[in-house]
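*Asks:* sequence first, predicted coordinates after that:
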Amino acid sequence: MVSTGKIEIEVKSRLGDRRALERKLRRLGAMKIDDAVESDVYYNHPSRDFAKTDEALRIRVCKGNASLTYKGPKLDDKSKSREEIIITLDDAKKAEELLLKLGFRKVAGVRKRRRVFVLSKFEICVDSVEGLGDFFEIEVVAPKKGYEKVRDQALELLVRLGGKEPERRSYLEMLLSKQGR
């Protein structure tokens, strides 16, 4: 969870060879900490279009746990660095019911298999996203002031791990684009 004054820095790239990346991560000393399936449902605001404001609101369910996440607009043109607020939910279905009663609309769902590694201060997620394929993301939380230095370190690690062009679009944006929406 990111608190006020903190930024989630995320950089990602398409992944060609999952096994090769995982071997490289282990050689660098990364520790695998999780394997999970994440199911996300995204919602749009009743009076503003999150696609236009570059925001996101989702309910995520993973291993029986649920959370509501707000992501603010991206802060730069090199990464997906943005404010993120996460609230733990007791009941994802009731949270969805509340959002729908308030006028929010379902946009789409994203489902992925995620293997998570930790290397130094970075979390590296190796994702297989339904309808899109394989990617890897590097995530880290940093103070808003001076986050650019940490972002640049994440971008350097992305290249070191074999990432080509950083992908700034979210999985939701990529899926909607693929569907022509």
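*Replies:* Arrived safely, thanks for sending.

*Asks:* quick one: the strands in the protein?
*Replies:* 6-14, 31-44, 56-62, 65-71, 84-89, 105-119, 122-129, 133-143 (DSSP state E).

*Asks:* out of the ones you listed, which is closest to Lys149?
*Replies:* Among the strands of the chain, the nearest to Lys149 by CB to CB is strand 133-143 (8.1 Å). C-betas here are computed from N, CA, C, even on glycine.

*Asks:* buried ones in stretch 169-181?
*Replies:* 170-176 (16 or more other CB atoms under 10 Å).

*Asks:* ok, stretch 26-36 next?
*Replies:* Applying 16+ other CB under 10 Å to stretch 26-36 flags Ala30 as buried.

*Asks:* list the buried ones in the biggest helix by length in the chain?
*Replies:* When the chain is scanned for its longest helix (criterion: DSSP state H), the result is helix 147-160. Buried residues in helix 147-160, defined by neighbour count with 16+ other CB under 10 Å: 147-148, 150-151, 153-155, 157-158.

*Asks:* repeat for stretch 57-64
*Replies:* For stretch 57-64, by 16+ other CB under 10 Å, it's 57-61.

*Asks:* for that stretch, which outside residues touch it?
*Replies:* 36-45, 50, 66-71, 89, 92, 95-96, 99, 104, 172 (CB atoms under 8 Å, 6 or more residues apart in numbering).

*Asks:* beta-bridge partners for the closest residue to Leu155 other than its chain neighbours, please?
*Replies:* Nearest residue to Leu155, sequence neighbours excluded (CB to CB, 6 or more residues apart in numbering): Val11, at 5.5 Å. Per DSSP bridges, the residues bridged to Val11 are Ile138.

*Asks:* residues in contact with Val11?
*Replies:* Per CB under 8 Å, 6+ apart, neighbours of Val11: 78-80, 137-138, 151, 154-155, 158, 163, 166.

*Asks:* redo that, cut-off 6 Å
*Replies:* Shown in contact with Val11 (CB atoms under 6 Å, 6 or more residues apart in numbering): 79, 138, 154-155, 158, 166.

*Asks:* repeat that for Arg18.
*Replies:* Counting by CB under 6 Å, 6+ apart, Arg18 makes contact with Asp134.
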